[in-house]
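Colleague: pasting the sequence and the predicted coordinates here, then a few questions.
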Amino acid sequence: MQIQSAFSAGMQGLQRASNAISEETLNINRQTTQSRQQDQQVAAAAAQQTANPTPTNAAAEPNRAAGTDTTQSLVRLEQQELLAQANVRSLRTADEMLGNIIDIRV
C-alpha cells in the first residue's frame, strides 16, 4: 500500500464525515425548530380549547415523530463522529509510517 493513497483515503473519509456531520447538525436544528413550532401550536390550541372546550387531541402525534427523527439524526451524528476519528487515526498512522520510512532511508 502506498502511503500517498493512505493519506488520500484518510482525507477523503474525513471530508465525507465532516460533510455528513454538517448535514446532520442542520437536520437536528431543523427538527428542533419544527418541534418548537409544533409545541407553540399545541399550547395555542390548548389555550383556545380552555376558552372553547371541544375535544381535539391530534396535535400530540407529530411531536412523537419529530422526536424519533431527532433521535435518528443524533445517532447518525455520533456515527459520523466515530468515522471522522477513525480517519484521523489512519492519517496519523500514515504520517508515522512516512516518518519511519524517512528515518530509515536517511
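Modeller: Happy to help now that I have it. Because the structure is a prediction, the values reported are computed rather than measured.
Colleague: residue ranges for the helices of the chain, please.
Modeller: Here the chain has its helices, by DSSP state H, at 3-51, 60-105.
Colleague: got TSV for the ones you listed, with mean neighbour count too?
Modeller: Where you see a C-beta, it was placed from the backbone N, CA and C, and this is true even at glycine. Below are the helices of the chain laid out as TSV (neighbours: other CB atoms under 10 Å):
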stretch	mean neighbour count
helix 3-51	14
helix 60-105	13
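Colleague: hey, least reliable of those by pLDDT?
Modeller: Per-stretch mean pLDDT for those is lowest at helix 60-105 (a mean of 84).
Colleague: what packs against that helix?
Modeller: helix 3-51 (3 or more CB pairs under 8 Å, 6 or more residues apart in numbering; DSSP states H and E).
Colleague: between the helix it packs on and helix 60-105, how many degrees?
Modeller: Counting by axes from the mean of the first three to the mean of the last three CA atoms, to 10 degrees, helix 3-51 lies at 160 degrees to helix 60-105.
Colleague: now do helix 3-51: distance to the chain's middle.
Modeller: With CA atoms, centre = their mean, to the nearest Å as the basis, helix 3-51 stands 6 Å off its chain's centre.
Colleague: hang on, Thr93 packs against Ala6?
Modeller: Yes: shown here, Thr93 and Ala6 form a contact pair, counting by CB atoms under 8 Å, at 7.5 Å.
Colleague: need the nearest residue in space to Leu77, chain neighbours excluded.
Modeller: Nearest in space to Leu77, with sequence neighbours left out and distances taken as CB to CB, 6 or more residues apart in numbering, is Glu24 at 4.2 Å.
Colleague: give the contact list for the one you found.
Modeller: 73-74, 76-77, 80 (CB atoms under 8 Å, 6 or more residues apart in numbering).
Colleague: distance of the residue positioned nearest the centre of the chain relative to Ser90?
Modeller: Against the mean C-alpha coordinate of the chain, by CA atoms, centre = their mean, the closest residue is Leu77 at 2.7 Å. Leu77 sits 21 Å away from Ser90, going by CB to CB, to the nearest Å.
Colleague: do the same with Ser18
Modeller: 15 Å.
Colleague: again with Ile21
Modeller: According to CB to CB, Ile21 stands 17 Å off from Ser90.
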